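*Asks:* Provided below are the primary sequence and the corresponding predicted coordinates.
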Amino acid sequence: MSIVTFEKVSRVYKSGDHELKALDNVDLLLEEGKFVVILGPSGAGKSTLLNLLGGLDSPTGGKITVDGKDISTLNDNELAEYRAAKVGFVFQFYNLVPTLTVYENVALLKEIAPDALDPKKMLEEVGLADHMKNFPAQLSGGEQQRVSIARALAKNPKILLCDEPTGALDSETGVLVLKLLLSMARNYGKTIVIVTHNQNIAKMADVVIRVKNGKIQSCEEQIKPMDADEVEW
C-alpha cells in the first residue's frame, strides 16, 4: 500500500533574476513500512525532497500526497498539524533540549502529537531505560541520537525522516543506530526515509532512490537487503 506519492513535483528557489531548480518534475511512489534510502551528492536535491515530504517546505509545482492527504497546498498552520500527526524527524545533530532530562525530552511530544506514545516505553525500545534521569550532556553521541529517535517515535508517526542520522557518529555507534531504525521498519511497520551520501547504508534499504541535479535518476527495489551486521563498514 502506497503512503507517499509525488506527482510532477518541482521546487524552484529564486534570488533576484536567478532561479535554482532544487527539484525538477519529480514522480515518486513509496510503500508503507519500507526502509528507504535517498542517495546523491551535495546539492542534488535530496534534502529538498525530504523537506517537502516532511512539510517543512512546499512545492512550487506538482502534488504531494501522504497517507491519502494532499499536503502540497496546505498553509503554515495546516503543515504544522500535519508534521505533528504524521512525521517524525531525526537529524545529524540531535537537537535535544539541554536543560531537560532524557525522559523530559521525549515526553515533550505529548504536548504536540495527538497520538503520542509512552515516553518510557520508547526509551526502553532504544535501550536507554537506565538513562531517563540523565541530561543530554551526560550521554555519548550515540546515546543522544537514540534519544532523538525515541523522541521521534514517541510521536507515533507514519513516516520517520532521517537526515544523515549517523553522520556525527563513529562507525560502530552508527551501525547500532541503523539497526534500531531498521527494526522500526521491520517490526513496527514505520516508513523510514534516510537521506545520506553513505553508499553502505543503501545496502540495507528496501528501496534505493538516487537523486542528481534535482531529478530522480533511479528508484530501485532490493529483493534481499542486507542487515547492518552484514555490511562491511
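*Replies:* Yep, it's here.

*Asks:* need the contact list for residue 67.
*Replies:* For residue 67, the contact set (CB atoms under 8 Å, 6 or more residues apart in numbering) comprises 3, 86, 158. (Each C-beta comes from the backbone N, C-alpha and C, glycine too.)

*Asks:* Okay, it and residue 76: tell me how far apart.
*Replies:* Per CB to CB, to the nearest Å, residue 67 is found 20 Å from residue 76.

*Asks:* quick one: which of the contacts of residue 67 sit in strands?
*Replies:* residue 3 (DSSP state E).

*Asks:* if we take the contacts of residue 67, which one ends up nearest to residue 40?
*Replies:* residue 3 (21.7 Å; CB to CB).

*Asks:* can you count the residues close to that closest one?
*Replies:* Using other CB atoms under 10 Å, residue 3 is surrounded by 18 other residues.

*Asks:* Can you verify residue 78 is assigned to a strand?
*Replies:* No - applying DSSP: H, G, I helix; E, B strand; the rest coil, one finds residue 78 to be helix, outside a strand.

*Asks:* mind listing the helices for this structure?
*Replies:* 46-53, 76-86, 102-107, 119-125, 141-154, 171-188, 199-202 (DSSP state H).

*Asks:* ranking the ones you listed by mean pLDDT, which is last?
*Replies:* Lowest mean pLDDT within those: helix 171-188, at a mean of 81.

*Asks:* That helix relative to helix 141-154, how many degrees between them?
*Replies:* 20 degrees (axes from the mean of the first three to the mean of the last three CA atoms, to 10 degrees).

*Asks:* With distance to residue 196 as extra columns, can I get the contacts of residue 67 in a markdown table?
*Replies:* Converted to a markdown table, those look like this (distance: CB to CB, whole Å):
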| residue | distance to residue 196 |
| --- | --- |
| 3 | 20 |
| 86 | 22 |
| 158 | 21 |
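
*Asks:* Among the contacts of residue 67, pick out the one closest to residue 121, please.
*Replies:* For those, the nearest to residue 121 is residue 158 (18.5 Å; CB to CB).

*Asks:* How much space separates the residue most central in space within the chain from residue 173?
*Replies:* With distances taken as CA atoms, centre = their mean, residue 161 lies nearest the centre of the chain, 1.0 Å away. As for residue 161, its distance to residue 173 is 21 Å (criterion: CB to CB).
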